[in-house]
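K.L.:
Mind looking at a prediction? Sequence and model below.
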Amino acid sequence: MLATLRITAPDQSLSAALQQCIDQKTKPLGALGRLEALALQAGLIQQSLHPIVHKPGIIVFAGDHGIAAQGLVNPYPQAVTAQMVYNFLNGGAAINVFCAVHNLALSVVDAGVNHNFTPHSDLVDRKVAMGTQNYLYGKAMTDSACHEALEAGAALVREKQAAGCNTIGFGEMGIGNSAAASLIMHCITGIPLEDCVGAGTGANATQQALKLKTLQHALEKHGVPDDPFDVLATYGGFETVMICGAILQAAALQMMVVIDGFIVTAALLAAHRAHPDVLAYCVFAHSSHEKGHRAMLAYLGAAPLLQLDMRLGEGTGAALAIPLIKSAVGFLNHMATFAQAGVSTSGTTA
Ligand SMILES: Cc1cc2ncn([C@H]3O[C@H](COP(=O)(O)O)[C@@H](O)[C@H]3O)c2cc1C
Ligand SMILES: O=C(O)c1cccnc1
């Protein structure tokens, strides 16, 4: 898949016609602000003056991190990953509630949780292994496991698209994955590690200092791999790698890709290094409260839609942004033009 994937930015030739449609709506020029840019982006991605959001959904990928068993980088125990998967299956997590409120399809994927789940109709089993290896001692995963995870993420997106979904967000669950995301961020962006390491689930100052020191040790061992997929294999989690493969596939299929918080954006950083044009398909849902997220977004030149001081993950920010995308294409499709409504345009004095 990765070798053959073609991702090119959408043809821009529809841009002027789309802008004209937007400007003819019964509102002062530019008055719908960022929604106008969103409508334009949707139109270009779908190469249509009438883009739609069809069968939008969220896929949450869960995976464990070898290092989390030591508690050096994570305030919560590793077991919370599996416990939260049960919570997702029981409908009790924040992402369940937001998907229900906004009528979004939710899929939950075991990418590599350190727990044997009994088969469940709502749990998609793509387990690569019982969690990654501890990157303090070796690479988090082999290159072939990384490849398997990238492919699994991509295949799930192909299934969604075949079922009619054209707008997709990704979420993650994996205790310790904010540490992995910090390492990925440092390797891809070159931003100093201390600016990439934050509180995650709520590490206090002492815990954050230990997290940073631990991650410095990991960097001393492995350095900064040049290849983005090698960065993922060295430090990543199976959930993060699957998200990277999923983002790439969704962009290749010209879907709208809704980017969540710190961990999902780290997966995007790797995807972007491999295929820079992936960005044209991305909608940045929110600016997370996690320390490094704003710098990641700035590196990508991304303007997030929401600023809610959220720092949860699970795809919660993405779920909140999808109604905004629906609103954007909604006004483009359904608002009356000045001519249709008989409203005077500027410069026309009564
Ligand atoms: C109860 C609970 C629910 C969560 N839902 C998402 N996360 C978030 O926190 C984790 C990353 O933070 P760290 O790197 O500090 O472990 C990820 O699982 C992320 O999705 C949660 C964390 C907890 C504790
Ligand atoms: O921004 C996020 O997505 C995030 C931040 C902290 C912990 N988990 C996720």
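P.N.:
Cool, got the structure. Numbers count the residues shown, from 1 in each chain. Ligands and ions are numbered 1, 2, ... in the order given.

K.L.:
Next, find the distance separating residue 157 from residue 278.
P.N.:
In this structure, residue 157 and residue 278 are 13 Å apart, going by CB to CB, to the nearest Å. All C-beta atoms are positioned from the backbone trio N, CA, C, and that covers glycine.

K.L.:
Residue 223 too?
P.N.:
In this structure, residue 223 lies at 25 Å from residue 278, with CB to CB as the measure.

K.L.:
Break down the stretch 1-150 of the chain into its strands, ranges please.
P.N.:
Taking DSSP state E, counting those that start in this stretch to define them, one finds strands in the stretch 1-150 of the chain at 57-63, 105-112, 123-125.

K.L.:
So which elements touch the shortest one?
P.N.:
Identification of packing neighbours for strand 123-125 by 3 or more CB pairs under 8 Å, 6 or more residues apart in numbering; DSSP states H and E yields strand 105-112.

K.L.:
The strand it packs on near ligand 1 anywhere?
P.N.:
No. Taking CB under 6 Å from any ligand atom as the criterion, strand 105-112 and ligand 1 are apart, separated by no less than 11.9 Å.

K.L.:
What distance do you get for the closest residue to residue 6 other than its chain neighbours to residue 271?
P.N.:
What sits nearest to residue 6 in space, not counting adjacent residues and going by CB to CB, 6 or more residues apart in numbering, is residue 252, at 6.2 Å. For residue 252, the distance to residue 271 equals 11 Å [CB to CB].

K.L.:
So which bits of the protein are right by ligand 1?
P.N.:
The interface of the chain toward ligand 1, taken as CB under 6 Å from any ligand atom, is made up of 74-76, 80, 84, 172-179, 200-201, 312-314.

K.L.:
How about the contacts made by residue 240?
P.N.:
With CB atoms under 8 Å, 6 or more residues apart in numbering as the criterion, the residues that contact residue 240 are 61, 63, 172, 174, 177, 180-181, 184, 232, 263, 266-267.

K.L.:
try 10 Å
P.N.:
Counting by CB atoms under 10 Å, 6 or more residues apart in numbering, residue 240 touches 61, 63, 65, 111, 132, 140, 149, 153, 170, 172, 174, 177, 180-181, 184, 232, 263-264, 266-267, 270.

K.L.:
swap in residue 171?
P.N.:
Counting by CB under 10 Å, 6+ apart, residue 171 touches 58-62, 88, 93-95, 98-99, 106-109, 239, 243, 258, 260-261, 263-264, 312-319.

K.L.:
Can you check the pLDDT for it?
P.N.:
In this prediction, residue 171 carries a pLDDT score of 98.

K.L.:
part of a helix, is it?
P.N.:
No. Looking at residue 171 with DSSP: H, G, I helix; E, B strand; the rest coil, it is strand, so not inside a helix.
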